[in-house]
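1. this one's sequence-less:
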Ligand code: GLC
């Protein structure tokens, strides 16, 4: 089976969020199960730099007539194999080869991960059309059976595939799968920007891309993909309701009734996230030999200039500072949370308002609160390892990877019961002796604080802390199961392909 996975992010090269991790780790898991999988992303300068110019070859030139904008170059390279594995993956990069005066080539300003998204439709319309042209005319003898698109940046591809198949009925169209990693980001733009898609005005209707007087990439994906999935079964159910459906719940209910919508839980890369082998940690540990976790804990306190203390649980957060992630609750409850004997270790970036609030909290409680603004994969790993608890009070969470990574590092998640968080975290029950996390239902400050209190109470006894931590490390969140679910879905889509 041949699969082309297309995404605007790819860890570790270009990462704004969890999409990058999935694009980086799912292909490796598919490859291990025998799938001929390849990946396509935009040719961001920082990716080319990280890959090294000697690994990048020009593979095809696509004239501007095909992209409707400027000529494209498809570069080919390879995502190197992970240590000890034979899982190198061919990588295609779409470059804007424009010589036009007056504008820089699309994607050329993405010199670091914080700048990979241009909030304009043109670069991604170009990306989608170049991808289609490559698939249909310029790829050197490799045609995928399945085109697996991810999030709105790739949303026009299913439509373009369908359009091409209508125009050329003899063409054997690859099946299209579109994965929603976050329905809240739809790529929606005003009507006067529609021309950049190069699509006929016929598509500007309710069954096409139109959405309340504007148009979105997401609607193109939902209306024209052979199948749509979300990144957890829980989120898949939630988006059928007006509360979580972002205005698309009606269309999503229709897809569900037609059997064209499902949920597959993400996994995590258990080679990268492995406390037993992690070179970024000062001491390795595992469920069998958990002692190193305390060493990592103290090292984290030192690194972040937190007071060295063994009895104040450290609550970690590695996230975007945004309302989706529950920061309105964190802001409202911060003082009450700090009345408990806890320390906070936060890493991320996001809305200025929350960044400022968190920095002011750090200024007021310097020995108990540490806030690092930015992306730092290495520090993230040390927080996952050194913290006792990991907070994700999300308003909604399509899947969430942080809670799974935290458990892998023996750190107990405190989560709101939504989407993938509800699917992966089992609430601790003293009487049943089950669960290794703390879950609350209602999106309220009171429910959050009460849940943290419950967690902190369980952390008071060191023996209890270790039991729960080891139980968390024993959970299996590897991609194995989910990669099989994707293969089953690909196989089905291939079998019903027209
Ligand atoms: C998005 C979602 C997150 C999910 C990730 C990967 O970032 O917000 O919940 O885990 O995509 O699918």
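-> Perfect, I can see it now. The structure displayed is predicted, hence computed values, not measured ones.
2. now do the contacts for the residue of the stretch 301-450 of the chain found nearest the ligand.
-> With C-beta to the nearest ligand atom as the measure, residue 399 is the residue of the stretch 301-450 of the chain nearest to the ligand, at 3.4 Å. From N, CA and C alone the C-beta is placed, and that goes for glycine too. Residue 399 makes contacts with 18, 181, 231-232, 235, 265-266, 419-420, 423, as judged by C-beta atoms under 8 Å, 6 or more residues apart in numbering.
3. ok, the residue nearest to it when sequence neighbours are not counted - contacts?
-> Excluding its sequence neighbours, the residue lying closest to residue 399 (C-beta to C-beta, 6 or more residues apart in numbering) is residue 420, at 3.4 Å. Taking C-beta under 8 Å, 6+ apart, we find residue 420 in contact with 231-232, 234-235, 265-266, 397-400, 403.
4. picking that back up, out of the contacts of residue 399, which is nearest to residue 383?
-> Distance to residue 383 across the contacts of residue 399 (C-beta to C-beta) is lowest for residue 18, with 16.2 Å.
5. which non-adjacent residue is nearest the closest one?
-> Per C-beta to C-beta, 6+ apart, closest to residue 18 is residue 401, 4.9 Å.
6. correct me, but that neighbour touches residue 21?
-> Yes - Residue 401 is within contact range of residue 21, at 5.6 Å (criterion: C-beta atoms under 8 Å).
7. who touches both of these two?
-> In contact with both residue 401 and residue 21: residue 268, using C-beta under 8 Å, 6+ apart.
8. thought residue 38 was touching residue 93?
-> No - counting by C-beta under 8 Å, residue 38 stays clear of residue 93, with 11.5 Å between them.
9. residue 124 and the ligand, how far apart?
-> Per C-beta to the nearest ligand atom, to the nearest Å, residue 124 is found 17 Å from the ligand.
10. backbone dihedrals for that residue, please?
-> phi -80, psi -30 (degrees, to the nearest 10).
11. what's around it, how many residues?
-> Around residue 124 there are 25 other residues, counting by other C-beta atoms under 10 Å.
12. any idea how far residue 115 is from it?
-> Using C-beta to C-beta, to the nearest Å, residue 124 is found at 15 Å from residue 115.
13. residue 473 now?
-> Using C-beta to C-beta, residue 473 is found at 36 Å from residue 115.
14. neighbour count winner among these two?
-> residue 473 (21 against 14).
15. quick check: the more buried one touching residue 408?
-> Yes - the pair residue 473 / residue 408 is scored as a contact, 6.6 Å apart, by C-beta under 8 Å.
16. shared neighbours, these two?
-> Contacts common to residue 473 and residue 408, judged by C-beta under 8 Å, 6+ apart, are residue 275.
17. of all residues in the protein, which one is closest to the ligand?
-> Counting by C-beta to the nearest ligand atom, the chain gets nearest to the ligand through residue 18 (2.7 Å).
18. that residue contacts residue 266, correct?
-> Yes - with contacts counted by C-beta under 8 Å, residue 18 reaches residue 266, the gap being 7.4 Å.
19. what's in contact with the helix or strand hosting residue 159?
-> Following DSSP states H and E, one finds residue 159 within helix 156-167. Helix 156-167 is contacted by residues 6, 124-125, 128-129, 131-132, 135-136, 147, 149, 171, 173-174, 176, 178, 197, 199, 203, 208-209, 217, 220-221, 223-226, 498 when judged by C-beta under 8 Å, 6+ apart.
20. among those, which lie within helices?
-> With DSSP state H as the criterion, helices contain 124-125, 128-129, 131-132, 217, 220-221, 223-224 from among these.
21. could you redo these as CSV and give each row pLDDT?
-> Converted to CSV, the ones in helices among the contacts of helix 156-167 look like this (pLDDT from 0 to 100):
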residue, pLDDT
124, 96
125, 97
128, 98
129, 98
131, 98
132, 97
217, 98
220, 98
221, 98
223, 98
224, 98
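22. related to what we said a few turns ago, inside helices: which ones of the contacts of residue 399?
-> Mapping these onto helices (DSSP H) picks out 18, 235, 419-420, 423.
23. among those, list the two that are farthest apart in space.
-> 18 and 423 (14.5 Å).
24. what's the neighbour count on the residue nearest to residue 18?
-> The burial count for residue 401: 24, using other C-beta under 10 Å.
25. just the mean pLDDT for the top helix by length along the chain, thanks.
-> Ranked by residue count and defined by DSSP H, the top helix of the chain is helix 480-496. The average pLDDT within helix 480-496 is 96.
26. for that helix, which residues meet the burial criterion?
-> For helix 480-496, the neighbour count (16 or more other C-beta atoms under 10 Å) marks 482-483, 485-487, 489-490, 493-494 as buried.
27. next: stretch 358-372.
-> So stretch 358-372, judged by 16+ other C-beta under 10 Å, has buried residues 358, 361-362, 365, 368-372.
28. also stretch 263-283?
-> Applying 16+ other C-beta under 10 Å to stretch 263-283 flags 263-273, 275, 278, 281-283 as buried.
29. now the strands: where do they sit in the stretch 151-300 of the chain?
-> Assigned by DSSP state E, counting those that start in this stretch, the stretch 151-300 of the chain shows strands spanning 175-180, 188-190, 210-211, 214-216, 227-230, 261-263.
30. now those strands in CSV, with distance to residue 462 and mean pLDDT?
-> Compiled in CSV, the strands of the stretch 151-300 of the chain are given as follows (distance: least, C-beta to C-beta, whole Å; pLDDT from 0 to 100):
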stretch, distance to residue 462, mean pLDDT
strand 175-180, 42, 98
strand 188-190, 51, 97
strand 210-211, 54, 98
strand 214-216, 52, 98
strand 227-230, 40, 98
strand 261-263, 38, 98
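31. tell me which of those strands sits nearest to residue 242.
-> Residue 242 lies closest to strand 210-211 among these, at 15.3 Å (C-beta to C-beta).
32. give the other helices and strands that that closest one contacts.
-> helix 217-224 (3 or more C-beta pairs under 8 Å, 6 or more residues apart in numbering; DSSP states H and E).
33. same for the helix it packs on, what does it pack against?
-> Right, helix 217-224 is packed against helix 156-167, strand 175-180, strand 210-211, helix 249-257 by 3+ C-beta pairs under 8 Å, 6+ apart.
34. kind regards, and thank you for your time.
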